[in-house]
Every structure is written in C-alpha cells, then in structure tokens.
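In: Take this sequence and fold it.
(one chain, ligands or ions: 1)
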Amino acid sequence: MPKEIVLIGRSNVGKSTLFRELTGKKVRIGRRPGITREPMKVKMGNAFYVDMPGFGFMRNFPGQEQERIKDFILDYFEQNQDDILLAIHVIDASSFSNIAERWGCRGEVTIEIELFDFLNNLGLDVVLAANKMDRIANPDDALDAIVEKLGMLPPWKQWLDRVAPISAKFGEIEPLKKIINSKLQSFHN
Ligand code: GDP
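Out: The predicted model follows:
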C-alpha cells in the first residue's frame with residue numbers, strides 16, 4: 001500500500017500550520033525556504049505525513065535557488081510516486097487569484113498551477129487544500145475562480161473529493177480530514 005501523504009505549497013500559505021494540525025508535530029525551526037535536506041516525515045497510524053520545502057515567490061531569494069527547490073520537489077515526486085498515497089497541495093486561497101492574475105498578464109503560469117498540473121500528470125491523487133478561507137468574504141465565488149484557474153470546471157462543489165476549503169490557523173480542517181480518511185479507508189477495505 002502506498003503510504004505517504006505529502007504536503008507541498010508555496011512559502012507562507014500556511015503549510016507548517018496545517019502540518020501541525022494534522023500531525024500534532026511542529027515543523028522544525030530553521031526549515032525555511034531553501035533548506036532542501038530530507039523532508040520531515042511523521043508516522044500516524046499506517047501512513048507517513050511528509051513536509052516538503054516551501055517554494056517560489058521568496059523575497060531575498062535568488063531565482064537559481066528557487067529553481068533548485070522546485071527541482072528537488074519534482075524529483076521527490078518522480079522517485080517516490082509509488083509510495084505516495086496523496087499529495088496535498090496547499091494554497092493561500094485569499095491571495096491565489098490575485099497572483100494568478102498578475103502572472104497571467106505577463107503570459108506566465110504560476111509555479112502553483114505548473115506544479116498542480118505536474119502532480120496530476122504523474123497520475124498522483126492530488127487534493128487542493130484551499131487555506132485561509134477565514135479571510136474570504138465570498139467563499140463560493142473565490143473557490144469557483146480557483147478551480148477554474150487549475151483547469152477544473154466550476155462549480156467547485158462538484159470536486160468535494162479534490163478540493164478542501166480550510167482555515168488551518170483556526171483548526172478548521174474537517175473537509176481535508178474527510179478526504180484523507182476516505183482515501184486511507186479505501187486501502188484498508
Ligand atoms: P508556511 O510558510 O506555508 O509553512 O506558512 P506558515 O504555516 O508559517 O503560515 C504563514 C502565515 O500564515 C502565519 O502568519 C500563519 O499564522 C498564517 N496562517 C496560516 N494558516 C492560516 C489560516 O488558515 N488563516 C489565516 N488568516 N492565516 C493563516
């Protein structure tokens with residue numbers, strides 16, 4: 001049975017906060033962007049939660065270094081894909097559309113969209129954890145716009161098995177836990 005549940009996300013989206021909510025373990029201090037040592041793994045039951053380094057959009061960080069982190073993440077998924085039960089792609093839902101829009105103007109795709117496509121193309125099960133929902137006034141509108149940017153047809157509610165609106169900071173992660181549990185169960189039955 002594949003046993004890794006891997007968390008990835010751009011820096012500052014709340015990935016460490018979510019990792020702590022899911023595992024009860026605090027990500028080591030010093031795991032700032034750019035520290036590409038072995039990712040942190042925490043065993044929970046039969047599964048391992050894995051925290052990948054944050055990527056992209058880092059102030060005071062040379063582009064070359066950001067590329068290196070991206071390559072590290074891509075290599076990890078390619079090399080370990082048989083062991084990966086679920087990839088949890090964490091985004092800051094409150095800023096995602098703005099950033100995607102800005103990059104869109106320059107004819108570029110955000111690293112987040114690129115990575116989301118990459119993971120899906122590898123054939124992995126990818127869940128979008130749309131974090132910081134507490135900062136959003138119209139959740140349904142925001143989520144519809146986000147899924148569309150990621151190539152899924154709105155309304156977002158038809159993707160309840162792939163999209164989890166959460167607020168990690170406030171411990172509101174039920175939709176994500178539901179998806180994880182049903183995935184784990186499907187392997188036990
Ligand atoms: P990481 O760089 O992705 O690991 O992000 P952190 O977990 O360190 O969080 C970055 C910032 O976002 C911190 O100030 C957190 O308190 C804040 N944050 C995390 N989750 C949430 C959330 O659900 N809502 C809000 N409003 N802020 C959050």
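In: Can you report how many residues lie near Phe77?
Out: Neighbourhood size, Phe77 [other CB atoms under 10 Å]: 18. Yep, even glycine has a C-beta here, placed from its N, CA and C like the rest.
In: Leu122 is in contact with that one, correct?
Out: Yes: contact criterion CB atoms under 8 Å: Phe77 and Leu122 qualify, at 6.0 Å.
In: buried set for stretch 170-182?
Out: By 16 or more other CB atoms under 10 Å, the buried positions in stretch 170-182 come out as Ile173, Pro175, Leu176, Ile179, Ile180.
In: Just give me how far that stretch sits from the chain centre.
Out: Distance of stretch 170-182 from its chain centroid, counting by CA atoms, centre = their mean, to the nearest Å, is 14 Å.
In: what about the helices in the protein?
Out: Assignment of helices within the chain using DSSP state H yields the ranges 15-23, 63-80, 93-105, 111-121, 139-149, 174-188.
In: right, is the longest one up against the ligand?
Out: No: residues of helix 63-80 are not located near the ligand by CB under 6 Å from any ligand atom, the shortest gap being 12.6 Å.
In: That helix packs against which elements?
Out: In this structure, helix 63-80 packs against strand 4-9, helix 111-121, with contacts taken as 3 or more CB pairs under 8 Å, 6 or more residues apart in numbering; DSSP states H and E.
In: Format the buried residues of stretch 170-182 as JSON lines; extra columns: pLDDT.
Out: Below are the buried residues of stretch 170-182 laid out as JSON lines (pLDDT from 0 to 100):
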{"residue": "Ile173", "pLDDT": "98"}
{"residue": "Pro175", "pLDDT": "98"}
{"residue": "Leu176", "pLDDT": "98"}
{"residue": "Ile179", "pLDDT": "97"}
{"residue": "Ile180", "pLDDT": "96"}
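In: partners of the spatially most central residue of the chain in the sheet?
Out: Centroid check for the chain by CA atoms, centre = their mean gives His89 as the closest residue, at 1.6 Å. With DSSP bridges as the criterion, His89 is bridged to Ile8, Leu128.
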